[in-house]
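# My questions concern the predicted model and sequence given below.
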Amino acid sequence: MRRAALGLLVLMGVLLCACVVWQAGHAWLAWPRAFAEAGMAGALADWFAVVALFRHPLGLRLPHTAIIARNQQRIAESLGNFIEENFLRPELIIGRLGTHNAAQALARWLAQPVNSRGVAAVIADSLAGLLDGMDEADVAWFFDRIVLPQLRTLDIAAVAGNMLDVLTDGGRHQPFLDHGLAALERWLAANADMIKVKFSEASRYTPAPLDAYIVRKFIEGILALLHEVAASPDHALRRQFDEALRTLAVQLRTSAMHRRLGKSLLRDCIRYFRRANGPRALLDCVRTRALADLGREQSAVRDGLMRTLGSLGKRIGDEPSIQRKLNAWWLALAHELVVRYRHLLPALITEIVKSWNADEVSRKIETEIGRDLQYVRINGTFVGGLVGVLIHAATIAAA
């Protein structure tokens, strides 16, 4: 395009020379001469204007030339301000984002097995890399700085009381009682002879057959009682056991003695964890098991993550109320991020543009818009020529 514009300028020059040479014998050549003269003037003026944007024309450091190179810093700042004012306004961004149900779109995307599997694979691979990069010092730091301060303020007795409440709610503890009764029955049956011996040692003045009879009847009575309790959900001993657990739960939550005992037990556990090199043992256990699982083709961690993500996507996709809450949350987050950090992106753009080489910037911009700028030269040639013809016509009319 630069060659085309230059060729048009040369053509105007040739036309002008031809008109000058033959105009004396051909008066009508005054019209194309006027066109050529004004066309050359327009072409040269526009050439100067176009070149002055990027360089000094003919190397002459005339005022207001090489405009882009000389004003690079101001252009960078103006570009940053322009982007901040016209693209990063919170109301503009939130208005556009608010028209999309992002939660629903994400939920539908996650609900597709291929997508949830891909996300699960990324998380699992990241977990493997995290575990590989951790060492004993990292676990010890996490325990000392994050876990330990929380443990020191934890009322372990109250936690145990709450757990007892959960366990006894709805009779969830009854299977444990049944297992205990069965274990006691097995122990009595297996240790009847030992009980007889101990009873005989304590009762020196009764005959051995009598001791055996008493012990046998005692064990039979205990076993019968155990069978009764196991067979009757409403047995008095079960109610007594329930009441004892409820009383213990209340004491654990309210008793200062139990609170002190719980704190003492927790301190002992912490000391034992440190003394037994707990951070290293914990890290080795988690890393060995997790990496072994992640290394298998059928990984329980990956499958669990995939099912969880897929289920989460389906649940959110079927619940408009959850979608509204998630959309409101992330729009509020986006608004906060835009308000807080909207100045950083323009500043980054400004710094990057300022750091560019001025001549390189001029060349890049000229490459991008140079074709249109050469059309300016071409149009200037024709427009100038037409204006020249009009001026020539006006001159003749005035004469």
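That came through, no problem. Numbers count the residues shown, from 1 in each chain.
# going forward, measure contacts between C-alpha atoms and count neighbours the same way
Fine.
# Let me see the contact set for residue 316.
103, 104, 107, 322, 323 (CA atoms under 8 Å, 6 or more residues apart in numbering).
# I'd like these laid out as CSV, including distance to residue 254, neighbour count and pLDDT.
Formatted as CSV, the contacts of residue 316 follow (distance: CA to CA, whole Å; neighbours: other CA atoms under 10 Å; pLDDT from 0 to 100):
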residue, distance to residue 254, neighbour count, pLDDT
103, 45, 21, 91
104, 47, 22, 91
107, 45, 21, 92
322, 39, 15, 90
323, 42, 21, 91
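# May I see the buried residues of the helix or strand of the chain with the lowest mean pLDDT?
Least confident helix or strand, the chain: helix 67-70 with a mean of 76, by mean pLDDT, DSSP states H and E. Neighbour-count burial for helix 67-70, with 16 or more other CA atoms under 10 Å as criterion, is recorded at 67, 68, 69, 70.
# cool, and stretch 265-282?
266, 270, 278, 279, 280.
# Which parts of this protein belong to which domain?
Following automatic domain parsing, the chain resolves into domains at 2-83+354-398, 139-293.
# circling back to that earlier point, and of the buried residues of stretch 265-282, the nearest to residue 76?
residue 279 (52.6 Å; CA to CA).
# And for stretch 331-351, what's in contact with it?
For stretch 331-351, with CA under 8 Å, 6+ apart as the criterion, the contacting residues are 76-77, 79-81, 83-84, 88-90, 94, 97-98.
# Throw the residues you listed into CSV and include secondary structure and neighbour count, thanks.
Shown next, in CSV, are the contacts of stretch 331-351 (DSSP: H, G, I helix; E, B strand; the rest coil; neighbours: other CA atoms under 10 Å):
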residue, secondary structure, neighbour count
76, helix, 21
77, helix, 17
79, helix, 17
80, helix, 21
81, helix, 18
83, helix, 16
84, helix, 17
88, coil, 20
89, coil, 16
90, helix, 17
94, helix, 16
97, helix, 15
98, coil, 14
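# quick one, longest helix in this structure?
When the chain is parsed with DSSP state H, its longest helix is helix 358-398.
# Give the next helix or strand downstream of the helix or strand residue 228 falls within.
Taking DSSP states H and E as the definition, residue 228 sits inside helix 208-231. Scanning forward in sequence from helix 208-231 by DSSP H and E, the next helix or strand is helix 236-254.
# circling back to that earlier point, determine the set of other helices and strands touching the longest helix of the chain.
helix 2-22, helix 30-54, helix 67-70 (3 or more CA pairs under 8 Å, 6 or more residues apart in numbering; DSSP states H and E).
# Among the ones you listed, pick out the one with the most neighbours on average.
A comparison of those by mean neighbour count, using mean count of other CA atoms under 10 Å, puts helix 30-54 on top with a mean of 21.
# Distance from it to the middle of the chain?
58 Å (CA atoms, centre = their mean, to the nearest Å).
# what does it rub up against?
Under the contact criterion CA under 8 Å, 6+ apart, helix 30-54 has outside partners 9, 12-13, 15-16, 19-20, 23, 57, 64-69, 362-363, 366, 373-374, 376-378, 380-389, 392.
# ok, of these, which come out buried?
9, 12-13, 15-16, 19, 23, 57, 65-69, 362, 366, 373-374, 376-378, 380-389, 392.
# then stretch 249-260 to CSV, C-alphas only?
Coordinates of the C-alpha atoms in stretch 249-260 are reproduced here as CSV (Å, rounded to 0.1, in the frame of the first residue of the first chain):
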residue,chain,number,x,y,z
ALA,A,249,-23.3,-36.4,79.0
VAL,A,250,-24.6,-33.6,81.3
GLN,A,251,-21.7,-34.0,83.6
LEU,A,252,-19.2,-33.8,80.8
ARG,A,253,-20.7,-30.6,79.6
THR,A,254,-21.1,-28.9,83.0
SER,A,255,-18.7,-30.4,85.5
ALA,A,256,-15.5,-28.5,86.2
MET,A,257,-13.8,-31.7,87.3
HIS,A,258,-14.6,-33.4,83.9
ARG,A,259,-13.4,-30.3,82.1
ARG,A,260,-10.1,-30.4,83.9
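# which outside residues touch it?
With CA under 8 Å, 6+ apart, stretch 249-260 has contacts from 155, 156, 157, 158, 159, 160, 161, 162, 164, 165.
# Kindly report the same for stretch 123-142.
279, 280, 283, 287, 290, 291, 294, 301, 302.
# Compare the residues you listed and tell me which is most surrounded.
Within the contacts of stretch 123-142, most neighbours by other CA atoms under 10 Å means residue 302, with 24 neighbours.
# thinking again about what came up before, any chance of the helices and strands packed on helix 358-398 in TSV, with distance to residue 200 too?
Converted to TSV, the helices and strands packed on helix 358-398 look like this (distance: least, CA to CA, whole Å):
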stretch	distance to residue 200
helix 2-22	122
helix 30-54	116
helix 67-70	112
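# okay, now residue 140: neighbour count?
18.
# try the one 10 residues further on
Residues near residue 150, counting by other CA under 10 Å, number 11.
# what do you get for the one 3 residues further on?
Other residues within reach of residue 153 by the criterion other CA under 10 Å amount to 9.
# where's it relative to residue 147, distance?
Computed as CA to CA, to the nearest Å, the residue 153 to residue 147 distance reads 10 Å.
# ok, residue 127 to residue 23 distance?
In terms of CA to CA, residue 127 sits 89 Å off from residue 23.
# now do residue 300
Relative to residue 23, residue 300 is positioned 96 Å away (CA to CA).
# follow-up on the earlier one: turn the buried residues of stretch 265-282 into JSON lines, including distance to residue 217, pLDDT and secondary structure.
JSON lines is the format used below for the buried residues of stretch 265-282 (distance: CA to CA, whole Å; pLDDT from 0 to 100; DSSP: H, G, I helix; E, B strand; the rest coil):
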{"residue": "266", "distance to residue 217": "44", "pLDDT": "86", "secondary structure": "helix"}
{"residue": "270", "distance to residue 217": "48", "pLDDT": "83", "secondary structure": "helix"}
{"residue": "278", "distance to residue 217": "51", "pLDDT": "81", "secondary structure": "helix"}
{"residue": "279", "distance to residue 217": "54", "pLDDT": "79", "secondary structure": "helix"}
{"residue": "280", "distance to residue 217": "55", "pLDDT": "82", "secondary structure": "helix"}
